[in-house]
Every structure is written in C-alpha cells, then in structure tokens.
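S.K.: Sequence plus predicted model, see below.
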Amino acid sequence: MRSNAMKYLPNHFRKGQLEKLFFLFPDPHFKVANHRRRIIQPCLLTEYAHIMAPAGWLYTITDVPELGDWMRSKLEAHPMFDPVPEAELEADPAAGLLAQASEEAQKVARNEGKTFRAVFRRRETPRDL
C-alpha cells in the first residue's frame with residue numbers, strides 16, 4: 001500500500017493500534033520554506049500519538065545533523081512523548097538495527113557517515129508543558 005501519511009494516516013490505523021513507528025532517513029527538506037513538509041511536525045506528532053499504543057516507541061534516524069536536531073526538538077516539546085533512556089535502547093533489538101537495516105543506513109555506513117538517532121516513548125497521558 002502506498003499513501004500520503006501526512007494526509008491519510010488516521011484512515012489506515014485505529015486508535016492505539018501501533019506499538020512501534022519508524023522514520024528512517026526521511027527527506028530533510030533543507031529549504032526553510034519546505035520545513036512544513038517534514039514528516040516530524042507538531043500536528044503530525046499528535047496524529048502519531050493517536051494511532052500509537054500507550055508506551056509504544058517512535059524511532060527516528062537520519063544522517064543530517066540539522067534534521068536530527070529538528071526531530072528531537074519537536075518530539076521533546078510534544079506533551080505525548082518522552083525520550084527513551086540509553087540503557088533501555090541498548091536492550092532493544094530494533095534500536096540496534098536502525099543504523100544498519102535499511103538501504104540508506106547501509107549506504108551511510110559504507111561512506112563512513114554519522115547517524116543521529118532519537119527514540120521516544122508515547123505517554124499514557126499528556127505531560128504538563
């Protein structure tokens with residue numbers, strides 16, 4: 001199935017259906033005028049939180065430092081997500097595969113590039129801002 005997640009995601013999943021959600025090497029949309037097209041946005045994070053189960057994990061990885069900072073800052077600012085501690089990530093098999101499982105990850109590794117990972121847990125209830 002191919003679809004535009006920014007428009008139709010709630011039509012494909014029930015509330016709380018997903019336990020894990022992955023964003024692997026998304027398009028960085030470098031121009032400021034195109035930042036609204038980035039897949040990690042406050043309004044989209046609210047939709048992701050809706051379709052994720054409480055305590056579900058949202059994984060992001062990129063090879064663009066600016067985008068890595070962008071995604072992390074948007075997730076940290078959102079009331080429904082908390083960062084997963086590094087100790088928990090070490091025990092999570094999916095977190096270990098982020099930097100090697102996709103074609104883009106393998107390309108970055110071949111070119112000896114750096115990756116920027118951020119993993120967040122969906123909260124049961126929103127935190128106070």
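M.R.: Perfect, thanks for sending it.
S.K.: could you pull out the strands for the chain?
M.R.: Here the chain has its strands, by DSSP state E, at 18-24, 52-62, 81-83, 116-122.
S.K.: what about the protein, any weak spots by pLDDT?
M.R.: Residue ranges of the chain with pLDDT under 70: 1.
S.K.: which residues are contacting stretch 116-129?
M.R.: With contact meaning C-beta atoms under 8 Å, 6 or more residues apart in numbering, stretch 116-129 is reached by 49, 52-65, 67-69, 71-72, 75, 77, 79-84, 89, 92, 95, 98-99. (C-beta placed from N, C-alpha, C; glycine too.)
S.K.: Could you dump the strands of the chain into TSV with mean neighbour count and distance to R37 added?
M.R.: Listed next are the strands of the chain as TSV, based on neighbours: other C-beta atoms under 10 Å; distance: least, C-beta to C-beta, whole Å:
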stretch	mean neighbour count	distance to R37
strand 18-24	16	14
strand 52-62	20	15
strand 81-83	18	21
strand 116-122	21	19
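S.K.: Figure out which of those is closest to L44.
M.R.: strand 18-24 (10.2 Å; C-beta to C-beta).
S.K.: Can you work out which other helices and strands pack against the top helix by length along the chain?
M.R.: Secondary structure of the chain per DSSP state H: the longest helix is helix 65-77. On a contact count with 3 or more C-beta pairs under 8 Å, 6 or more residues apart in numbering; DSSP states H and E, helix 65-77 meets helix 42-51, strand 52-62, strand 81-83, strand 116-122.
S.K.: which parts of that helix are buried?
M.R.: L67, G68, W70, M71, R72, K74, L75 (16 or more other C-beta atoms under 10 Å).
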